[in-house]
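S.K.: mind folding the following:
(chains A and B)
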Amino acid sequence: MKTCAQTVSDYAFRAIGYGERLLPRSDFTICEQFTLIGSGMIWNIYFGVIALCTGFFFAVALAVGKSSERWIYRRPSELFIFLFRGSPLFIQFFFAYFFFLSLKKNYAFFDPLTAAWLGAVIVLFLNTAAYSAEIFYGALRSIPKGDTEAADAYGLTGWSRFRRIIFPTMMRLAWPAYTNEAIFLFHATALVFFSAFPARGQKGDALYYASYFADKTFNPFVPYPILAFYFILLTLVVIGIFGVVNRQLNRHLPQAAVPKLRVRPNLIR
Amino acid sequence: MFSYCADPSTLDTFRWLTCYLTTGVHMSFYKSFLLVLALLAVTAPVALSFGFLGAMSARSPMKPVSWLGKGYIAIVRGVPDIAFFLFFVIALDQSFELIKHNIVCPDWTDPIRQGNDFLVCPQAKVPLGTSPEYVHQLYGFLLAVITFAIVFGAFAANVLYGGMQAVPRAQLETAEAYGMTRRQTFWRVLVPQMWVYALPGLSNLWMVLIKATPLLFLLGIEDIVYWARELGGTKTSKFSAYPHPDWRMWYFLFLLIFYLSFTKVSEVVLERVMRRLNKGQATSGGEAMRKEASA
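M.R.: Predicted coordinates:
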């Protein structure tokens, strides 16, 4: 019987391929389940953070494109947002995986795309960009008229008008909804290994290990609550970090007027 | 299906395709679309009533009942829905079997959880091991509907709770002034008025529900995702009269288009419903329509 510390050192980084190679096969302890599911969270955090950080910039570009008066910018942005918001993420994963697979067959150069660490990140990046773009677009349309008129009065145009006036206000207005989007992006990362992307060498995310334990023990009442615990923790951390940014964005306003971050659960993909 | 399909290898491309797309397995594929629609048709009202109960209990003046309702709404926050799907399928199955076990064989002495097994007496299996195949499929579908209803019921409860809170306070006060009881106020004044406030959230929820249907695949049901994977995979001439390379990409492209058109149609229909409900309402939507009409 191994001690818990031993288990932790064996399996803490199992999800990314360090430590003990074989997964436990019988007599699962609570400690093993906690450690492995926690180890899987590394993937969820990785997918979420990369997709958020890259998707943010694309989303801003898309939002500006969608509100442009020139159809050559507007149409493609609208189409892109519709494509990714109108179809299930689950199907997007499947389609992307098989698309990458056929690319790889023709050009070996595309090999990494069929692995989750790159392929799934690309899908999540495009997906979150579309959802966030819709949020930013909504914010862009509700920027107070006075702000833009003041910018015009100061003679600000083009890039400096966008950077100094439009962008900060847009962020401020969009931030509560964007926090929500971030939370649900992290939830969406649980789909990766349940769609087409294979978990090579049993290196999977938290849900992958949770369902591994549930299948082996035929007892869903232990691994899934552990998974829920980790995700609630992650959600709280995301709310905390986004709350700090929210305060930073609104630091010049009277504090009573700062909008509170509210988490609304009506967003699955 | 067609008379010329007897020997597919001799056909030209167009005829080959017509034969290929009408084989028996493809018919099952098309039927699975009906399955998705059936799931939506069954789940939407069930989830709505779950949501209604949740919202009602969240508003309850009795603390424990209100905690129950709020807890139900809150529990779906913070945890990925897919985890709920995987959890409930096993959990519901096991609890059904356990309840039936306690009723059917009360004299059973062996423990039910033996190590990694969940063992109930053979008479208490749901469905019975001897029942025909379609009963098993129906049971799987039933589990899926309940799971969807539980998860989406929580979302709907949140939306309906918001809708109930949004009904102007003065309306309820008027009802009280007329001497209506709490129950009468609720059913005669609050419920008829809350829909217009809840509809944007509910239509959003409908979109979300449509987009959650491929998760049926994870519940072990032979749905469109299952068939797309099966049919698209490489077929050699040894096993199939219609050999083809890996076409899964195209099958999933087809599913993407299916979902895109489905959501687009829903969007248009819901937009109409919203306009109809907003007519003459004292909301910003109704105000906009009044301006439109007078302009």
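
S.K.: for residue A:5, what are its contacts?
M.R.: Residue A:5 makes contact with no residue under the criterion Cβ atoms under 8 Å, 6 or more residues apart in numbering or on different chains. For the C-beta atoms, the positions are set from N, CA and C on the backbone; glycine is no exception.

S.K.: next, it: secondary structure please.
M.R.: helix (DSSP: H, G, I helix; E, B strand; the rest coil).

S.K.: where's it relative to residue A:207, distance?
M.R.: Distance from residue A:5 to residue A:207, counting by Cβ to Cβ, to the nearest Å: 26 Å.

S.K.: one more: residue A:69?
M.R.: Taken as Cβ to Cβ, the span from residue A:69 to residue A:207 is 44 Å.

S.K.: what about these two, which has more around it?
M.R.: Ranked by neighbour count (other Cβ atoms under 10 Å in any protein chain shown), residue A:69 and residue A:207 place residue A:207 first, with 30 against 6.

S.K.: close to chain B: what parts of the stretch 51-200 of chain A are there?
M.R.: The stretch 51-200 of chain A comes close to chain B at residues A:82-83, A:86-92, A:94-95, A:98-99, A:101-102, A:105, A:183, A:187-188, A:190-191, A:194, as judged by Cβ under 8 Å from any Cβ of the partner chain.

S.K.: which other helices and strands does the helix or strand harbouring residue A:140 contact?
M.R.: Taking DSSP states H and E as the criterion, residue A:140 maps to helix A:116-141. Applying 3 or more Cβ pairs under 8 Å, 6 or more residues apart in numbering or on different chains; DSSP states H and E, one finds that helix A:116-141 contacts helix A:30-66, helix A:71-86, helix A:89-106, helix A:167-188.

S.K.: which other residues reach whatever helix or strand comes next after that helix?
M.R.: Once the chain leaves helix A:116-141, the next helix or strand it forms, by DSSP H and E, is helix A:145-153. Outside helix A:145-153, the residues that touch it by Cβ under 8 Å, 6+ apart are A:161, A:164-166, A:169.

S.K.: at 6 Å what do you get?
M.R.: A:161, A:165, A:169 (Cβ atoms under 6 Å, 6 or more residues apart in numbering or on different chains).

S.K.: out of those, which one sits closest to chain B?
M.R.: residue A:169 (21.7 Å; Cβ to the nearest Cβ).

S.K.: does the closest one touch residue A:144 like I think?
M.R.: No: in this structure, residue A:169 is not within contact of residue A:144 by Cβ atoms under 6 Å, at 7.5 Å.

S.K.: ok, the two, which is more surrounded?
M.R.: residue A:169 (19 against 10).

S.K.: report the separation between the residue nearest to that one when sequence neighbours are not counted and residue A:149.
M.R.: Counting by Cβ to Cβ, 6 or more residues apart in numbering or on different chains, residue A:169 lies nearest to residue A:143, which is 5.0 Å off, once chain neighbours are set aside. Applying Cβ to Cβ, the value for residue A:143 to residue A:149 is 11 Å.

S.K.: cool, residue B:209 as well?
M.R.: 42 Å.

S.K.: more crowded one of the two?
M.R.: The neighbour comparison of residue B:209 against residue A:149 (other Cβ under 10 Å) goes to residue B:209, with 22 against 10.

S.K.: distance of the closest residue to the more buried one other than its chain neighbours from residue B:191?
M.R.: In this structure, residue B:209 finds its nearest non-sequential neighbour in residue B:152, 5.8 Å apart by Cβ to Cβ, 6+ apart. Using Cβ to Cβ, one gets 20 Å for the distance from residue B:152 to residue B:191.

S.K.: the more surrounded of those two?
M.R.: A side-by-side neighbour count of residue B:152 and residue B:191, using other Cβ under 10 Å, places residue B:152 first with 25 against 16.

S.K.: for residue A:242, what are its contacts?
M.R.: residue A:179 are the contacts of residue A:242 under Cβ under 6 Å, 6+ apart.

S.K.: give me the angle between the regular element (helix or strand) spanning it and helix A:167-188.
M.R.: Using DSSP H and E, residue A:242 maps to helix A:223-249. Angle of helix A:223-249 versus helix A:167-188, following axes from the mean of the first three to the mean of the last three Cα atoms, to 10 degrees, is 170 degrees.

S.K.: next, the buried residues of helix A:223-249.
M.R.: A:223-224, A:226-228, A:230-231, A:234-235, A:238-239, A:242, A:246, A:249 (16 or more other Cβ atoms under 10 Å in any protein chain shown).

S.K.: ok, now stretch B:79-99?
M.R.: B:79-94, B:96-97.

S.K.: show the average pLDDT along that stretch.
M.R.: Stretch B:79-99 carries an average pLDDT of 83.

S.K.: ok, residues contacting it?
M.R.: A:187, A:190-191, A:207, A:211, A:220, A:224, A:227-228, A:231, A:268, B:118, B:120, B:124, B:126, B:143, B:147, B:151, B:215, B:218-219.

S.K.: please apply the same query to stretch A:62-77.
M.R.: A:78, A:133, A:136-137, A:140.

S.K.: let's see that with 8 Å instead.
M.R.: By Cβ under 8 Å, 6+ apart, stretch A:62-77 touches A:78, A:80-81, A:129-130, A:132-137, A:139-141, A:162, A:170.

S.K.: same check, this time on stretch A:160-168
M.R.: Residues contacting stretch A:160-168 (Cβ under 8 Å, 6+ apart): A:60, A:64, A:140, A:143, A:147-148, A:150-152, A:156, A:249.

S.K.: any of these buried? List them.
M.R.: Buried among the contacts of stretch A:160-168 (16+ other Cβ under 10 Å): A:60, A:64, A:140, A:143, A:151, A:156, A:249.

S.K.: doesn't residue A:171 make contact with the fourth one?
M.R.: The reference is to residue A:143. No: taking contacts as Cβ atoms under 8 Å, residue A:143 lies outside contact range of residue A:171: 10.7 Å.
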